[in-house]
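Visitor: Build me a model from this:
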Amino acid sequence: MTARITGNDYRGLTLPGPGDWTPSLRVSVVVPAYGDQEKLDLALAGLAVQSYPADLTEVVVVDNGSEPPLRLPGLRPPGTRLIVCPVPGRAHARNAGLSAATGDVIHWLDSDVVLDRGSVEAHMRWHHAAPYLVVTGYLRFTPAPLPSPGTVAATDDLAAIFEPAEPHAWLVDLVERTDGLTANPHRAFSLHVGGATSVNAALLAATGPMDTDLILGQDTEMGYRLAQAGAVFVPEPRSRAFHLGPTMRMRDKAPIDRVSHAFVADRIPSYRWLRSHPARQWKVPYVEVVVEPAAWPGPAAEPASGPEPGARPGPVAEPGAGSGTGPGTRSGPGGRGYGYDEVRATVDAVLAGTVPDVAVTLVGPWGRVGAEGRAPLRDPDLDLVLIRGHYAHEPRVRFADDSADDSADDSAAGTAVGPVPFRLRLPAGWVPGEDTLARLLDLARDEGYGLVAVLLAEGTGITGEGAGTGVAGGTRRAGGPGEGEQGGNTGGRRGSGGVSGAGGVADPGTAPAVPPAIVTARLERAAAFARAAIVREEGEDLDDAVEDTFGVIWVDGESYGFTSGPRPVTGRRGAYRARIEAEAEVARLTREAERLRGQVTKWRDEASRWRRSTVELRREVGTLRKDLAAARKVVQYGLLSSVRRAISRRR
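Guide: Have a look, this model is predicted:
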């Protein structure tokens, strides 16, 4: 059983101790070189004394057009070959070495890097634990004078001859900030650097060679593609190496970033800060929306039959499953399709949403659409003709032909737009809100889910392949909502619009009524499904493997803004006017707030004056009370004196 790693948390793998195990995988160390024979000799001397078995090691040195040509020194590993790549550029040299390599693992090594003697073994312990790892060692940059190859081979600890040295600062910082790359798994691909990194050869074959169109940033771009292929990235502190001299990035970081960012922005959608433009498109979009059919009409299609008034759309119907009940669905014998109006409602809403970094793939029998001069209203493929004609010149929309084989959906959808990190599979006729796609992407990205399944509609008595038949008799999962599986239970993806049910296996080609039935959309993380395809066991559902490695969540479509009918699309002019009106309203409210603040200040000043007047009046009242009391005393004293005098006179 292949080990399962959740996200990028490789810490659960059990590794043998150095020297306490029996390796079996072969490693090819690919060393591209241009000139500087002296440093190459030192790199090969370090490889000659590695603790990993020599009979499981080959070294491919690629001379990238050096003058004079490079040579192999006497002190080198026994399985060392020298090939020539006359095309200049490190990416070309690495690809040449990759083509010549025969190992189970490819270990990139720069020709000016000397490995500690236990470095290759430290890498290979990980590759024996799981077949989808990318392992990077720790580089230190040394200004020390170059020793002889014999000195390198005879030294047990390279620090004795190369220290003091500087660490690979940005790599160390990245590892420390992310708890060894486990806390931010979706940026871990930045660890892929060519100085001392190893990759499983099968994973590289699935990823493809280095991008030779890039001037700089080839390592990072390949790391991104490796991540999309399901890779887990591991920093290995036991793998130590010394870079002979400072790295180019340490010398000229700002200008190098300027050049690198200009190119990688087009190819790495995960670098969102490089894609700040609100409208432009990129070579590799951030998300691909695959609009899937409800029921393609065959050449002898029946008349269009829409749903009952007010009825909610049903799930899709697949080949051999009878007629579907989706919105505006046209049904035919064994056919698949969707209407022009439904497709346009879905696609236009996607293109007008708040995520401009998007591509749309329409899956269907586009090979049937020809340029025949027949009467258009009698053309049985009229809806196909209208869809293709309407979007033929929209660069964000492509057509994936599934005429030959229904299983071609997976291979056709998404391959032409590059390694897209997210893919939304959406039944035609279901319309996302303006911010729906952005909200789903936020949920998947922030929480790390591999699949966000969106419940669009529920019903009973719905027929079709989604009812658990699959293209070749897939099984129905018992309990809980789930999608219909294409290709049965032995492979393939589950399409959107599937139906869930309980119990039993439906025969292919039948159309049983299955209560309850559901219609779904699916936002899939490419890396999660690639990882799941690597680790799943025979007969295991792919979504279950995704659940184990990245997680799956169900959400309600209505709460995320999905509707089953067209909605007005806000054009750029309308959005611009709305923004101007909003800004004007904000300015008006700001002025009103300032006016009210002025009034408040005025009233506060007035209140202060009244408070001061009140205090003064209280003081005056107090003085008057004192005077009155004194006067009363005088009057009382005078009156008393008069009475006393009057009494005295009478006596």
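Visitor: For the stretch 101-250 of the chain, which residues score under the pLDDT cut-off?
Guide: Within the stretch 101-250 of the chain, the segments meeting pLDDT under 70 span 248-250.
Visitor: Please, where are all the helices along it?
Guide: Using DSSP state H, counting those that start in this stretch, the helices found in the stretch 101-250 of the chain span residues 119-129, 149-154, 159-162, 169-177, 201-207, 218-228, 248-251.
Visitor: Any idea which of the ones you listed gets closest to Q636?
Guide: helix 169-177 (88.9 Å; C-beta to C-beta). The way it works is simple: take the backbone N, C-alpha and C, and place the C-beta from them, glycine included.
Visitor: what about the closest one, distance to the chain center?
Guide: Mean-position distance between helix 169-177 and its chain equals 21 Å (C-alpha atoms, centre = their mean, to the nearest Å).
Visitor: Please identify the most buried of the helices of the stretch 101-250 of the chain.
Guide: helix 218-228 (a mean of 25; mean count of other C-beta atoms under 10 Å).
Visitor: can I get the helices of the stretch 101-250 of the chain in TSV with distance to A3?
Guide: TSV is the format used below for the helices of the stretch 101-250 of the chain (distance: least, C-beta to C-beta, whole Å):
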stretch	distance to A3
helix 119-129	6
helix 149-154	35
helix 159-162	33
helix 169-177	21
helix 201-207	14
helix 218-228	17
helix 248-251	34
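Visitor: nearest to A91, of the ones you listed?
Guide: helix 218-228 (4.7 Å).
Visitor: Nearest to Y340 among the helices of the stretch 101-250 of the chain would be which one?
Guide: Closest among the helices of the stretch 101-250 of the chain, using C-beta to C-beta: helix 218-228, at 33.3 Å.
Visitor: List just the one of the helices of the stretch 101-250 of the chain that sits closest to R609.
Guide: Once the helices of the stretch 101-250 of the chain are compared by C-beta to C-beta, helix 169-177 is nearest, at 58.3 Å.
Visitor: Stretch 421-435: end-to-end distance?
Guide: 19 Å (C-alpha to C-alpha, to the nearest Å).
Visitor: Quick one: distance of stretch 42-55 to the chain centre.
Guide: On C-alpha atoms, centre = their mean, the centre of stretch 42-55 falls 38 Å from that of its chain.
Visitor: and if you look at stretch 95-102?
Guide: Worked out by C-alpha atoms, centre = their mean, stretch 95-102 lies 29 Å from the chain centre.
Visitor: Tell me which residues are up against it.
Guide: Stretch 95-102 is touched from outside by 26, 28, 30-32, 58, 60-62, 81, 83, 85, 106, 201, 204, 209-210, 212, with contacts defined as C-beta atoms under 8 Å, 6 or more residues apart in numbering.
Visitor: Next, the buried residues of it.
Guide: Neighbour-count burial for stretch 95-102, with 16 or more other C-beta atoms under 10 Å as criterion, is recorded at 95-98, 101.
Visitor: Can you name the next helix or strand after the stretch of helix or strand I534 belongs to?
Guide: For I534, the enclosing helix or strand under DSSP states H and E is helix 526-535. Using DSSP H and E, the next helix or strand after helix 526-535 towards the C-terminus is helix 542-549.
Visitor: Find the residue closest to Q50 in space, skipping its chain neighbours.
Guide: Distance criterion C-beta to C-beta, 6 or more residues apart in numbering; nearest residue to Q50, sequence neighbours excluded, is V120 at 4.6 Å.
Visitor: Roughly how far does that neighbour sit from S239?
Guide: Computed as C-beta to C-beta, to the nearest Å, the V120 to S239 distance reads 8 Å.
Visitor: Then A279?
Guide: From A279 to S239 the distance is 45 Å (C-beta to C-beta).
Visitor: Then T563?
Guide: For T563, the distance to S239 equals 54 Å [C-beta to C-beta].
Visitor: which one of the two has more residues nearby?
Guide: When neighbours are counted by other C-beta atoms under 10 Å, S239 comes out ahead of the other of T563 and S239, with 27 against 17.
Visitor: and that one, what is it in contact with?
Guide: 115-116, 118-120, 122-123, 135-138, 196.
Visitor: please redo it, this time with the cut-off set to 10 Å
Guide: By C-beta atoms under 10 Å, 6 or more residues apart in numbering, the residues touching S239 are 107, 115-116, 118-126, 135-139, 196-198.
Visitor: who does the residue nearest to it when sequence neighbours are not counted bridge with?
Guide: Leaving aside its chain neighbours, S239 sits nearest to G137 (3.0 Å; criterion: C-beta to C-beta, 6+ apart). Taking DSSP bridges as the rule, G137 bridges to E236.
Visitor: from memory G137 sits against A241, does it?
Guide: Yes - with contact defined as C-beta atoms under 10 Å, G137 counts as touching A241 (5.4 Å).
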